[in-house]
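In: this is a predicted model, with the sequence first.
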Amino acid sequence: MQAVVRNPLAEPYLLGVSSGAGLGAVAVISFGSAALGGLSISLAAFVGALAATGAVFLCARQDGVVVPTRLILAGVALGSLLSAVTSFLTLTGDAHQVFSVMFFLLGSLSAASFGQLVLPTIVLVGVLVFAALNARGLNALMAGDETATALGVNVHALRLGSLALAALLTASVVAVCGGIGFVG
């Protein structure tokens, strides 16, 4: 993520992925599963994270190219907006729902089981394969877009694929254990 965005502070929390997952989970807790098409809390968190990532990508595009600076700014802005909506739902909801909301938003591994780790494991293996196959390009990307392009790297495709997979990995983990921000 840091190589792709060219920022040593880049992580999924900064790009709004965790905020989108939190909003998805809080929406299910607040409105019920039936209101969101029968989604479970984990699945709603997963969908929320992917939707937030898509929105950040759309905001960060300039002339069809994802610009790293705009990506971070869009992520921070969208993450703040989604956190505000999450807070609104939490504050206007029933008092008995607040515990469930806070438990998910703060994150915990206490309720996680090995059965829930199937999806994150599959995604992790896919991301590791992608990283191994694109290690040369990712290293070149750390030197800058111009250098990477001169070395034959398709910068736009590599950046888009890397960010999508990082968001997918984050979404799968947040869906299982909640938004543990310091892990990023």
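Out: Arrived safely, thanks for sending. Numbers count the residues shown, from 1 in each chain.
In: okay, now Ala3: neighbour count?
Out: By the measure other CB atoms under 10 Å, the count of residues near Ala3 is 19. Any C-beta I mention is one placed from the backbone N, CA and C, and that applies to glycine too.
In: could you do the one 4 residues further on as well?
Out: For Asn7, the neighbour count with other CB under 10 Å is 15.
In: identify the residue nearest it in space, chain neighbours excluded?
Out: Leaving aside its chain neighbours, Asn7 sits nearest to Ile72 (6.0 Å; criterion: CB to CB, 6 or more residues apart in numbering).
In: which ones are touching the one you found?
Out: Val5, Asn7, Ala10, Leu14, Leu15 (CB atoms under 8 Å, 6 or more residues apart in numbering).
In: the last one in helix, strand or coil?
Out: Same thing as Leu15. coil (DSSP: H, G, I helix; E, B strand; the rest coil).
In: I figured it hits Leu82, correct?
Out: No: assessed by CB atoms under 8 Å, Leu15 is found out of contact with Leu82, at 11.3 Å.
In: okay, the two: which has more neighbours?
Out: Set Leu15 next to Leu82 and count neighbours by other CB under 10 Å: Leu15 wins out with 29 against 24.
In: show the pLDDT at that one.
Out: Looking at Leu15, its pLDDT reads 83.
In: could you pull out the strands in this protein for me?
Out: Secondary structure of the chain by DSSP state E: the strands cover 61-62, 65-66.
In: deepest-packed of those strands, please.
Out: strand 65-66 (a mean of 17; mean count of other CB atoms under 10 Å).
In: just checking: what are the partner strands of that one?
Out: strand 61-62 (antiparallel) (DSSP bridges).
In: circling back: which among the contacts of Ile72 gets closest to Asn134?
Out: Ranked by distance to Asn134 (CB to CB), those are led by Val5 at 15.6 Å.
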